[in-house]
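J.: need a structure here:
(chains A and B)
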Amino acid sequence: GAGVSQSPSNKVTEKGKDVELRCDPISGHTALYWYRQSLGQGLEFLIYFQGNSAPDKSGLPSDRFSAERTGGSVSTLTIQRTQQEDSAVYLCASSFSRDGPYEQYFGPGTRLTVT
Amino acid sequence: AQSVTQLGSHVSVSEGALVLLRCNYSSSVPPYLFWYVQYPNQGLQLLLKYTTGATLVKGINGFEAEFKKSETSFHLTKPSAHMSDAAEYFCAVDRGGGFKTIFGAGTRLFVKA
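T.: Model (predicted):
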């Protein structure tokens, strides 16, 4: 079946512009995560959606970052007024984590470059 | 609170040698434990997981890990490294019940010919 998809695969933007990154999780998965991975670094947790519960936003690095998940499916991560330090690969993952635990299925990522 | 510590950000082994990647966790409840692998320019994929039952877990590509509660460890091993094993490996802990999974910082494995 279809896996997690992310778009765009690559995004180059100028400093100060806003960007939107999209994640299409696996159908039926109740949990959705966003992570950031800077060059040569580990995973940095950004935000976690679980069903209809309020999202865990504890990893968002600043108020320039926001995310929403519409209809419990597609999610959009928005970065406003991008800065060069925002350059990274943004990974999305989903899992069927109701009573849990279930493994996360990762998308291929969006490589964001801020010039 | 949960946490995961991976000892060694970089590990280098010779082809054919034993691979040992260390992971220690902290959890207030019985944990569920995972190892993921990330090949260059790809997303992460599951190698293996421990939920309940047998403490020695076998995964893909000849990897296995043993859950040792007394040592709060979940080390990943492979008897004989292959060049294709060169990748980044992440250990993760989950307490279930809808709480988010916690990832370690990752260990990059280099395999020398």
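
J.: Check the burial of B:F34 by counting its neighbours.
T.: By other C-beta atoms under 10 Å in any protein chain shown, 29 other residues sit near B:F34. Placement of C-beta: from N, CA and C, glycine included.

J.: Can you point out the buried residues in stretch B:76-91?
T.: B:L76, B:K78, B:A81, B:D85, B:A86, B:A87, B:E88, B:Y89, B:F90, B:C91 (16 or more other C-beta atoms under 10 Å in any protein chain shown).

J.: Chain neighbours aside, what residue packs nearest to the fifth one?
T.: Which is B:A86. Spatially, and ignoring its direct neighbours in sequence, B:A86 is nearest to B:V111 (4.7 Å; C-beta to C-beta, 6 or more residues apart in numbering or on different chains).

J.: Looking at the buried residues of stretch B:76-91, which is nearest chain A?
T.: Among these, B:F90 lies closest to chain A (C-beta to the nearest C-beta), at 6.6 Å.

J.: three-state assignment of the closest one?
T.: strand (DSSP: H, G, I helix; E, B strand; the rest coil).

J.: Now do the same contact list for it.
T.: By C-beta atoms under 8 Å, 6 or more residues apart in numbering or on different chains, the residues touching B:F90 are A:G42, A:L43, B:Q6, B:W35, B:Y36, B:V37, B:Q38, B:L44, B:F103, B:G104, B:G106, B:T107.

J.: residues in contact with the worst-scoring helix or strand of chain B on mean pLDDT?
T.: Between all helices and strands in chain B, the lowest mean by mean pLDDT, DSSP states H and E belongs to strand B:102-103, at a mean of 89. Strand B:102-103 is touched from outside by A:35, A:42-43, A:45, B:2-4, B:36, B:90-94, with contacts defined as C-beta under 8 Å, 6+ apart.

J.: Give me the neighbour count for A:F96.
T.: Neighbour count of A:F96, defined by other C-beta under 10 Å: 17.

J.: Give me the pLDDT for A:L39.
T.: pLDDT recorded at A:L39 is 79.

J.: quick check, it in a strand?
T.: No: counting by three-state DSSP, A:L39 is not part of a strand but coil.

J.: The nearest residue to it once chain neighbours are set aside pairs with what?
T.: Once flanking residues are discounted, A:L39 sits nearest to A:A88: 7.4 Å by C-beta to C-beta, 6+ apart. Beta bridges link A:A88 to A:L112 when assigned by DSSP bridges.

J.: Kindly report the same for B:L46.
T.: Bridge pairing for B:L46 - DSSP bridges - gives B:Y36.

J.: pretty sure it is in contact with A:E103, am I right?
T.: Yes: assessed by C-beta atoms under 8 Å, B:L46 is found in contact with A:E103 at 4.4 Å.

J.: for A:E20, what are its contacts?
T.: Contacts of A:E20 (C-beta under 8 Å, 6+ apart): A:T76, A:L77, A:T78.

J.: All set now, cheers.
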